[in-house]
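In: how would this look folded up:
(2 chains)
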Amino acid sequence: MDFLIVVILIIWLVGTIIRTYRQARFYQIEEYMGGRYLRWVLARRDRWLPTRPAGAWLVGLLLALFISDAPGSFVPGVIGLVASMIAVWPPDEGEVKKGFKPTARAKRLLGAAFISAAALAVAALLVVNRLPDVSDVRLVAVMAAGFTLWLLAPAWLVAGNGLMTPVEAAFRRQFIARAAQVLDEVRPTVIGITGSYGKTSTKTYLAHILNGRYKAYPTPKSYNTLMGVCLAINNDLANDYSVDYFICEMGAYIPGEIQRIAELTKPTISIVVEVGPQHLERFGTLENVARAKYEIIKALPPDGVGVFNWDNPYVREMVERGYPNTRLAVSKEVDPANVPANGPRFIASEIEETLDALSFTVTDAQTGESERFVTPLLGQHNVTNVLLATAVAVQEGMPLRDVARRSRGLQPAESRLARQATPAGITIINDAYSANPVGVVHALRVLSLHRTGRRLLITPGMVELGPMMVSENRKLGEVAAQHATDVILVGAQQTDPVKAGLLAAGFPPERLHVVATLAEAVTWYQNELKAGDTVLFLNDLPDTYSS
Amino acid sequence: MSAKRKTVVGVIFGGRSVEHDVSVVTGQQVMRAFDPERYEVVPVYINRDGRWYTGEPLLELKNFKDEITSYKGVESAILSPSVEHHGLIVNPTAGRFDKSRVVRLDVVFPAIHGTHGEDGTLQGLLELADIPYVGCGVLASAVANDKIMTKIVLSQQGVPIVEGVSFSRAEWQEAPDKVISHIVHELQYPVFIKPATLGSSIGIGRANDETMLRAYIDVATNLDRLVLVESAVTNAVEINCAVMGNGLDIRASVLEQPVSWEEFLTYEEKYLRGGQGMKSAERLIPAPISAELTEQIQQMAVKAFRAVDGRGTARVDFLLKPESGEIYLNELNTLPGSLAFYLWQEEGLSPREVVEQLVQLARDAHAEKRRNTYNYQTNLLEVAAARGLKGVKGAKTRAKNPV
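Out: Model (predicted):
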């Protein structure tokens, strides 16, 4: 019996460790924020209390108690053991879109979580041993302790994180200090980019254009947190003295974060792309978002250069604040023949979009020069991104003509309105990255340029828009109704506003499908679509949002 | 480049060359010309043996009276050809107790005359390192540094040159009489004897007869592997013209006429008279010749500079027969002494403006290079890895994506 008690507890402990490990990736998706993660866990019953384990535990326990008439029998213990095994057997996770990333920090955290879980298990065992060995008291106690241990797996993660906090803080300080030292040695000119969206694309285009004359190193992918930036610096910038420009994407997840990145990197040129409702749930109001973005301008030295998107009212307001002295604004809406005083300097006009090229004329209002840009990009929001990159390149001594020539070779940033064809002849447009209220409209316009067949939109809607989530998603539905011939919504619950918008705009309901997973959507289009048809994937579909 | 931090300019001077001392003077003049508010000068000194050094004491000309490398603060350094260093590795052979470090150079200003500096070798290193550098590229430097090659290229482009005969040290040692008879057959006395690749008039002799000719050839073949003998242009004056620019945008300076043309400029006269380098050598600026001839010479200077694919700057030296108006191109200096500051001064450009313009030209030239494609990915290595080297022979590769 005692032996079985120990084995049962070990089974629960192993199950707990597996469950903790599997939960770790969600904790990562929630950026190691305990509160956010626990809210996510508690949001749905099957996340914190899955049916099979709970059922197996309960049934096993009751069964053991009923059969426990013969004193000293090991039958209840065996039942408990089998029930425990059934309970903790790891379920099939299905498709994992964003797997666990075994970073050093994650490993330390997991280690601490495992140790705290194991310590609790040992403590539980000691307590159980003290209990009177009558009837099934010990069995019940160990089953209860084991189940609790297992159920609290998310708590062990949070506890592990808590335990590691001082250690992590020390590591972080060391890491940041090293990055500062690298920048001090390599001494590149630092260009900061922020914005609710469009910053990764702008960064990619700017790097490509500047590389026509200088050597630019952009932060990879969307590394845009303080730690991500440090990682980029310490991994790639260290010992590379050939870099003239370090283009640093700066994301704002909390107020003060951009300021901290800027204090480290000391940009002398800063670009603000857009202020929009991205991450609004964390900031509350657009004014707060704008305030967080403005940190990148405040961090400039007085002789630094601010580069702004004039077409966004919140960004335009930043230009009007008058800091720093050199402010360059760009616009694709202002009439180049009629530029307001102190208005934008680089203006795009005569924007033409075809299946193969996005073309526009860029006018430098200061010199009167103008050049035709022909880019292989998709989506009109890219005009703003290219204009911002152009402003920096011209400021840094590249003739507008060279910038225009360079822009012919631009490539979309990874998964941002990239287009490819399947062997079956179906065109796939991938905008599976941070769909936002500006981007989606342009992406849908690109979809409607494809006139050779059906135009299918696959989307889970937009997320992290806070209070504007419902209204913006409804708008997405309304716009989609004009451009798509078929729509697949992934996940019934959060796409409800999109559906409402579609139907309100008169989209035929028989052309609208709601599925549970991305895999279903893919199977659907593979069966239904044929050569000449087009699919637009809008927004990535992280596991936290699928049903 | 940002205006926010100072531009770091590495000035390389000295050099394993007979013109080492001249180069130290030029290097000092260049370093002093930069505006300290906007430029940070990193001195890089190559001693006569070809060892590289950097450090504060190298900024002072007076320190060169002593053994400069023994000064505290002078450290050994190398210019790394590996692109990620983009500059110097100071103390490159550091062991357990000391550290080496990288000093990034935004631009390099070679201030070395002649061999191992003005001849394309240093330029080649800078090309490998992918650092913008002042002055002519590898080819122009190499061609202009070789008086024989200069003649070949310029005559091809229709620039008038003095006729000459060239031969190698080996030919001279094997069959001196044959060489002499060839010279006498082709040219008339008096003739000039010049080592092919040395500058600053070093090793140059003027011969009126065979005895002198043989003596000077002996001198010249000791200094260089190739020797040029050319007809002396009698009753001529020397006229020099500096050019500056890249590609289609090249300007010529006012002309100068050195007035001490009796036999030729001796080494001492050219550099030491007055103790301040070229500045105080006796010359007439502008050269007292007609506006027509001036313009003709200026155009010819630009033409010659283009003919050798020059960029940045050069001083082009001509011989002019004033009575007949005949002009011959005598020499192309891609790194003229003092960088012809004194000529640009007449054009209203201070030395500071000259070096700044040259740095800008260097960056423009480097930007032009950036427009070329170097990274061209093919599937050759995949094929080779899969099939082994034999399978690759003659295999057609296809480009994956030109970057």
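
In: leaving aside the residues next to it on the chain, what's closest to residue 288?
Out: All of this is about chain A. Counting by C-beta to C-beta, 6 or more residues apart in numbering or on different chains, A:N288 lies nearest to A:P255, which is 7.0 Å off, once chain neighbours are set aside. To be clear about C-beta, it is placed using only N, CA and C from the backbone, and glycine gets the same treatment.

In: Oops, wrong one, chain B.
Out: Per C-beta to C-beta, 6+ apart, closest to B:P288 is B:Q257, 6.9 Å.

In: Can you pull the domain assignment for chain B?
Out: What automatic domain parsing lists as the domains of chain B is B:7-133, B:163-231, B:237-368.

In: Now do the contacts for the residue nearest to B:P288.
Out: B:V237, B:E238, B:I239, B:N240, B:R283, B:L284, B:I285, B:A287, B:P288, B:I289 (C-beta atoms under 8 Å, 6 or more residues apart in numbering or on different chains).

In: Next: B:R16.
Out: Neighbours of B:R16 in contact, by C-beta under 8 Å, 6+ apart: B:I46, B:N47, B:R48, B:D49, B:G50, B:T115, B:H116.

In: Identify the residue spatially nearest to B:S141, adjacent ones excluded.
Out: On the basis of C-beta to C-beta, 6+ apart, the spatially nearest residue to B:S141 that is not a chain neighbour turns out to be B:G120, at 3.9 Å.

In: circling back: torsion angles phi and psi at the residue nearest to B:P288?
Out: When read as degrees, to the nearest 10, the backbone of B:Q257 gives phi -130, psi 110.

In: could you give the mean pLDDT of stretch A:129-145?
Out: Per-region confidence: stretch A:129-145 scores 82 on mean pLDDT.

In: what's the spacing between the residue positioned nearest the centre of chain B and B:L223?
Out: Nearest to the mean C-alpha position of chain B, by C-alpha atoms, centre = their mean, lies B:E118 at 2.9 Å. Distance from B:E118 to B:L223, counting by C-beta to C-beta, to the nearest Å: 16 Å.

In: Residue ranges in the stretch 1-150 of chain A under the pLDDT threshold?
Out: A:1, A:68-72, A:134-135 (pLDDT under 70).

In: For it, what lies in contact range of chain B?
Out: By the rule C-beta under 8 Å from any C-beta of the partner chain, no part of the stretch 1-150 of chain A lies against chain B.

In: How many residues are close by residue 198?
Out: By default, I'm working from chain A. 27 (other C-beta atoms under 10 Å in any protein chain shown).

In: please go with chain B instead
Out: If you count neighbours by other C-beta under 10 Å, B:L198 ends up with 21.

In: List the contacts of it.
Out: B:V18, B:E19, B:G114, B:T115, B:L223, B:D224.

In: cool, A:G99 as well?
Out: A:R25.

In: starting at the chain centroid, how far to stretch A:156-170?
Out: 23 Å (C-alpha atoms, centre = their mean, to the nearest Å).

In: Check the average confidence over it, would you?
Out: Rounded mean pLDDT across stretch A:156-170 is 90.

In: ok, residues contacting that stretch?
Out: Residues outside stretch A:156-170 that contact it (C-beta under 8 Å, 6+ apart) are A:16, A:20, A:23-24, A:27, A:32, A:34, A:37-38, A:105, A:108-117.

In: so where's the longest helix in chain A?
Out: For chain A, the helix with the greatest residue count under DSSP state H is helix A:153-186.

In: Now for the residue of the stretch 101-250 of chain B found nearest chain A: which residues touch it?
Out: Closest contact between the stretch 101-250 of chain B and chain A, by C-beta to the nearest C-beta, is at B:R104 (4.1 Å). Taking C-beta under 8 Å, 6+ apart, we find B:R104 in contact with A:V186, A:R187, A:Y241, A:S242, B:V8, B:H85, B:H86, B:G87.

In: Closest one of those residues to A:P301?
Out: Using C-beta to C-beta, A:R187 comes nearest to A:P301 of the contacts of B:R104, at 14.9 Å.

In: moving C-terminal of the helix or strand containing B:E292, what's the next helix or strand?
Out: B:E292 is located in helix B:291-307, with elements delineated by DSSP states H and E. Sequence order places strand B:312-321 as the next helix or strand after helix B:291-307, per DSSP H and E.

In: mind listing what's buried in that next one?
Out: Residues B:G312, B:T313, B:A314, B:R315, B:V316, B:D317, B:F318, B:L319, B:L320 are the ones in strand B:312-321 that count as buried (16 or more other C-beta atoms under 10 Å in any protein chain shown).

In: from these, which is closest to chain A?
Out: For those, the nearest to chain A is B:G312 (17.5 Å; C-beta to the nearest C-beta).
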